[in-house]
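S.K.: using only what follows, build the 3D model:
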Amino acid sequence: MSFKDRESKILEYLRQNREVSVEELHTKLFVSVPTIRRDLKALADSGKIIRTHGGAFLSSLPGESVPQELREREFVEEKDIIAKKCLDLIKDGDSVMIDASSTCMQLIKLLGGKNSIVVITNNTKAPFVSAKTGVKTLVTGGEISKTSFSYVGSLAEEFIRKFNADICFFSVCSLSPDGLLTNNSTSENQLCKVMLEHSKKSVLLLNSQKIGDPKLNTLCTLRDVDLVVSEKDISDLFPEYKEKFI
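M.R.: From the prediction side, this is the model:
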């Protein structure tokens, strides 16, 4: 079976099931595991799928967000590196706004070593984490997004407006080469805008894999962000904003 034939079958299966493991494809296509892994890498490099540990899932369609349970399993090592870098930016006693992205969730899990901080977030899973870390956490409430399991909408935005934070950590679906920060969800974007407006400092958590074409809805530009934290040095790609990258 040629790569083109395997590609067609892999994409067809993913359109029906959204996610697949290497073992599933190995069994269904009667192709060796190394070959399947090479095929998935080629499809990921072309932007048609997103690799996970042990498999892959279909890239989101225009205007569609990748479900949170899938996002949490992609680029785990990169997210951990980013989150650990962010810890140095938080001082004891800070009030911290954190969005519901999977990268920011990794940061929430690491905050137990900080003293007297307050976390304000729309992440529905945050209370379960703060119960273990002991970090004081305020959660917005509001309408629950089906894909991100975050609180969005007017009630969540009204809650955020009651506070003024020292620092805000957030992520996006894409950073375009011209410095545009975009997402697929307009409701999550609007909530994040309110967080940024009510924070003294803004920090973008960005996996380098997210540099690419703009998504559906614009959040802001690199000009509006104070710092960018990535798992590796990507500052040369944005020379005008080089000093912002960590």
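S.K.: remind me, longest helix of the protein?
M.R.: Counting by DSSP state H, the longest helix found in the chain is helix 3-17.
S.K.: only C-alpha atoms, please: export stretch 39-51 in PDB.
M.R.: Output of stretch 39-51 as PDB, limited to C-alpha atoms (Å, rounded to 0.1, in the frame of the first residue of the first chain):
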ATOM      1  CA  ASP A  39       3.100   8.300   8.200                       C
ATOM      2  CA  LEU A  40       1.700  10.200  11.200                       C
ATOM      3  CA  LYS A  41       4.800  12.400  11.400                       C
ATOM      4  CA  ALA A  42       4.500  13.300   7.700                       C
ATOM      5  CA  LEU A  43       0.800  14.100   8.100                       C
ATOM      6  CA  ALA A  44       1.600  16.200  11.200                       C
ATOM      7  CA  ASP A  45       4.300  18.000   9.400                       C
ATOM      8  CA  SER A  46       1.800  18.900   6.700                       C
ATOM      9  CA  GLY A  47      -0.600  20.200   9.300                       C
ATOM     10  CA  LYS A  48      -3.400  17.700   8.500                       C
ATOM     11  CA  ILE A  49      -3.200  16.000  11.900                       C
ATOM     12  CA  ILE A  50      -1.800  16.600  15.400                       C
ATOM     13  CA  ARG A  51       0.400  14.000  17.000                       C
END
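S.K.: what comes up buried for it?
M.R.: In terms of neighbour count (16 or more other Cβ atoms under 10 Å), stretch 39-51 has its buried residues at 39, 40, 43, 44, 48, 49, 50, 51. Yep, even glycine has a C-beta here, placed from its N, CA and C like the rest.
S.K.: quick check, nearest of those to residue 151?
M.R.: Of all those, residue 151 sits closest to residue 50, with 25.2 Å by Cβ to Cβ.
S.K.: quick one: strands adjacent to the helix or strand containing the closest one?
M.R.: Element membership for residue 50 (DSSP states H and E) is strand 49-52. Strand 49-52 has these partner strands in its sheet, going by DSSP bridges: strand 55-58 (antiparallel).
S.K.: for the residue lying closest to residue 124 once chain neighbours are set aside, what are its contacts?
M.R.: Once flanking residues are discounted, residue 124 sits nearest to residue 149: 4.9 Å by Cβ to Cβ, 6 or more residues apart in numbering. Neighbour list for residue 149: 68, 100, 123, 124, 125 [criterion: Cβ atoms under 8 Å, 6 or more residues apart in numbering].
S.K.: with residue 7 instead?
M.R.: 39, 42, 43.
S.K.: sec struct for residue 203, please.
M.R.: strand (DSSP: H, G, I helix; E, B strand; the rest coil).
S.K.: my guess is it meets residue 245, correct?
M.R.: No - counting by Cβ atoms under 8 Å, residue 203 does not reach residue 245; the two are 11.2 Å apart.
S.K.: which one's more surrounded, these two?
M.R.: residue 203 (26 against 18; other Cβ atoms under 10 Å).
S.K.: okay, that one and residue 1: tell me how far apart.
M.R.: Residue 203 sits 47 Å away from residue 1, going by Cβ to Cβ, to the nearest Å.
S.K.: what do you get for residue 14?
M.R.: Counting by Cβ to Cβ - residue 14 and residue 1 are separated by 17 Å.
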